[in-house]
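# Return atomic coordinates for the entry below.
(chains A and B)
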Amino acid sequence: MKHLRSIEELDAAGILSLLELTDHMVEINARPIPKVPALRGKNVVNIFFEDSTRTRLSFETAAKRLSADVMTFSVGTSSVNKGESLRDTIETVQAMGVDAFVIRHKSSGVPWQISNWTDASVINAGDGWHQHPTQALLDCYTIRQALGRKGGFEGLRIAIVGDIKHSRVARSDVQAFAALGAHVTLVAPPTLLPPSIAGWPVETSQDLDSLVGKVDVLYLLRMQRERMSEALIPSLREYTDRFGLTADRARRLGDSTLVMHPGPMNRGVEIAVDPSELPGNVIIQQVANGVAVRMAVLFQLLGQGDSLA
Amino acid sequence: MSQTNAASAPPDGGVFHVRSTVLSADDIRRAITRIAHEIIEHNRGLDGVVIVGLQRGGTWIANRLGEAIATIEPLANVPVGSLDASFHRDDFGLRPVVPGSVSDIPAHLDGATVVLVDDVLFTGRTVRAALEALNDYGRPRSVQLAVIVDRGHRELPIRPDYVGKNLPTRRDEDVRVSPEGVVIGDHS
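Here you go, the predicted model:
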């Protein structure tokens, strides 16, 4: 595997083997000195054209724990502001010697475009509404860990609730969860579903109440107000009423129902209770696992060098 | 051990052909018991001793060594762990990380006497990686090395403290250690 641009670049066996590699990384992160020399001399460049806290810091931490060198490129203070094109920017950075680009961009497909311009590995850290493969992997790892599902998700029921239309997390998660055998239901008002979900391995519903208590995982998406140019919902308050995790719905959740969220949370909108009071809350584990999963991805792409023979 | 049983596909491809059996299962049992005595004698007891098997070939030997020590000194409680040195290797291409071989260090290593255990000592590169990996867990007072077979051809200044058998080999030969015995053979 050279790039990780989409979760579709992995089959079920590929996902499971990355999750097994992640077990090793979790153990490294638990050591008194959580740093190994595996990627010494490799150079990883984070290029984030969109805001991010956890993904950027998570990739940076992951690269450092494997002893790679990290350059983080902040678009706000770069020559992009002087009108330098994406291609020129990439080729300029590439000339300094880069083994992997970690890219976030507001336009779908940019990671593919970049992989045409460079010999380095390209990791998609989110492109528009399209894909966020490392988020899907860390979500899979979190479920596997919390529910002890090492072999896959056969028979597991997962509801993904909220703004599916604008969500790259939902697109990647649906593919990864379904590849591992889970039964996925998308719960959203019709205006927040993509124009066509023909071919998606999912069911849809507008009735969250009928699913609460019946699913193993309740995955809440963030209401992406920055991507909402049109009035897709009557009001946030009505949204919370019908699709938010309210105190009433929280009471009806089973103790073993996992509650997940990719962050950042809009408290009072998609989640109207204190998540730390929910027995199945694994939102913080998602963040912790994010570092380990990204270590596994970086090691998979950069650490399996040619045979010395 | 029969020819057919041993001619299984090795992880790096090709077929392994057994040429001769060097140690029997009984020989290995006796070697482990002797090494257990030597560890106790050399360290004048078992204070602070931690047995750490190298993933993956050394883990079962470390467990057997732990059992042998417990038989000799029933009151000493010697922790037995395992160490995956994959991420400290200098030759990732040669030895892929094997899933399911996650490290498990059950004791604090600061001030401990660590006995690293592996099946075969060859170039010494695995041991080098393991020494480096151990540093992530603390600063042992000393580190000793126990192996079932020392087959020579060292590429680094590393020597074992406890040896089951010194076995002169050709570089291109392969040595396999299992609870059933030690065999020497070739790839084809």
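# And B:Val175, how far from B:Arg30?
B:Val175 sits 19 Å away from B:Arg30, going by CB to CB, to the nearest Å. C-betas here are computed from N, CA, C, even on glycine.
# Please say which of the two ends up with more neighbours.
B:Val175 (19 against 13; other CB atoms under 10 Å in any protein chain shown).
# Just confirm the more buried one is within a helix.
No. When classified by DSSP: H, G, I helix; E, B strand; the rest coil, B:Val175 is found to be strand rather than part of a helix.
# check contacts around B:Asp186.
B:16-17, B:19, B:172-174 (CB atoms under 8 Å, 6 or more residues apart in numbering or on different chains).
# Quick check, pLDDT for it.
Reported pLDDT at B:Asp186 in the predicted model: 88.
# likewise A:Ala231?
72.
# same question, A:Asp255
87.
# where's it, which helix or strand?
Here A:Asp255, judged by DSSP states H and E, is contained in no helix and no strand.
# tell me the SS of the residue lying closest to it once chain neighbours are set aside?
Once flanking residues are discounted, A:Asp255 sits nearest to A:Pro279: 4.6 Å by CB to CB, 6 or more residues apart in numbering or on different chains. Per three-state DSSP, the secondary structure class of A:Pro279 is coil.
# for A:Ala159, same thing?
Classified using three-state DSSP, A:Ala159 is strand.
# Next up, the contacts around it.
Here A:Ala159 is in contact with A:184-187, A:205, A:208, A:211, A:215, A:217-219 (CB under 8 Å, 6+ apart).
# Which pLDDT value goes with it?
98.
# what does B:Asp12 give?
Reported pLDDT for B:Asp12: 54.
# How about the one 10 residues further on?
As predicted, B:Val22 sits at a pLDDT of 94.
# Tell me the secondary structure at it.
strand.
# Let me see the contact set for the residue nearest to the spatial centre of chain B.
Nearest to the geometric centre of chain B sits B:Asp118, at 0.7 Å (CA atoms, centre = their mean). Going by CB under 8 Å, 6+ apart, B:Asp118 touches B:53-54, B:57-58, B:61, B:126-127, B:130, B:145-148.
# Relative to chain A, which of those is nearest.
Nearest to chain A among the contacts of B:Asp118: B:Ala130, at 12.3 Å, using CB to the nearest CB.
# And the closest one, which helix or strand is it part of?
Judged by DSSP H and E, B:Ala130 forms part of helix B:125-135.
# Flag every buried residue along that helix.
Buried residues in helix B:125-135, counted by 16 or more other CB atoms under 10 Å in any protein chain shown: B:125-134.
# rewinding a little: from the contacts of B:Asp186, which has minimum pLDDT?
Lowest pLDDT among those: B:Phe16, 84.
# Look up which residues are beta-bridged to that residue.
B:His187 (DSSP bridges).
# give me the number of residues near it?
16.
# surely it meets B:Arg176?
Yes. B:Phe16 is within contact range of B:Arg176, at 7.1 Å (criterion: CB atoms under 8 Å).
# quick one: low-confidence ranges for the stretch 51-200 of chain A?
Counting by pLDDT under 70, the stretch 51-200 of chain A contains no low-confidence residues.
# Now tell me what touches the helix holding B:Ala130 from outside.
A:33, A:36-37, B:52, B:54, B:83-91, B:103, B:109, B:114, B:116, B:118, B:121, B:140, B:143, B:145, B:155-156, B:158.
# and after it, which helix or strand comes next?
Next along the chain from helix B:125-135, counting by DSSP H and E, comes strand B:142-150.
# That next one to helix B:125-135, inter-axis angle?
150 degrees (axes from the mean of the first three to the mean of the last three CA atoms, to 10 degrees).
# returning to that earlier point: show the buried residues in the contacts of B:Asp186.
B:16, B:174.
# where exactly do the strands run in chain A?
A:43-48, A:69-74, A:100-105, A:121-127, A:157-161, A:183-187, A:202-205, A:217-220, A:258-260 (DSSP state E).
# okay if I get the ones you listed as JSON lines plus distance to A:Pro194?
Output for these, formatted as JSON lines (distance: least, CB to CB, whole Å):
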{"stretch": "strand A:43-48", "distance to A:Pro194": "25"}
{"stretch": "strand A:69-74", "distance to A:Pro194": "31"}
{"stretch": "strand A:100-105", "distance to A:Pro194": "20"}
{"stretch": "strand A:121-127", "distance to A:Pro194": "15"}
{"stretch": "strand A:157-161", "distance to A:Pro194": "12"}
{"stretch": "strand A:183-187", "distance to A:Pro194": "9"}
{"stretch": "strand A:202-205", "distance to A:Pro194": "10"}
{"stretch": "strand A:217-220", "distance to A:Pro194": "16"}
{"stretch": "strand A:258-260", "distance to A:Pro194": "21"}
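# closest to B:Gly45 out of those strands?
Nearest of these to B:Gly45, taken as CB to CB: strand A:69-74 at 46.4 Å.
# Kindly list the longest helix within chain B.
helix B:25-42 (DSSP state H).
# Any regions of chain B where pLDDT drops low?
Ranges of chain B meeting pLDDT under 70: B:1-14, B:92-96.
# Show me what from it comes close to chain A.
Contact residues (CB under 8 Å from any CB of the partner chain) of chain B with chain A: B:84, B:86-88, B:91-94, B:96-97, B:99-104, B:132-133, B:135-138.
# quick one, what contacts the residue nearest the centre of chain A?
In chain A, the C-alpha nearest the mean C-alpha coordinate belongs to A:Gln135, at 1.5 Å (CA atoms, centre = their mean). A:Gln135 is in contact with A:55, A:126, A:168-169, A:172-173, A:262, A:290, counting by CB under 8 Å, 6+ apart.
# for the helix holding B:Ala130, the distance to its chain's centre please.
13 Å (CA atoms, centre = their mean, to the nearest Å).
# what do you get for stretch B:62-79?
That offset, for stretch B:62-79, works out to 16 Å (CA atoms, centre = their mean).
# For the nearest residue to the residue nearest to the centre of chain B once chain neighbours are set aside, grab the count of nearby residues.
In this structure, B:Asp118 finds its nearest non-sequential neighbour in B:Gly58, 4.0 Å apart by CB to CB, 6+ apart. B:Gly58 has 26 neighbours, counted by other CB under 10 Å.
# what's B:Gly58 in contact with, if anything?
B:82, B:116-119 are the contacts of B:Gly58 under CB under 8 Å, 6+ apart.
# quick one: which of these sit in strands?
Per DSSP E, the subset of these in strands is B:82, B:116-119.
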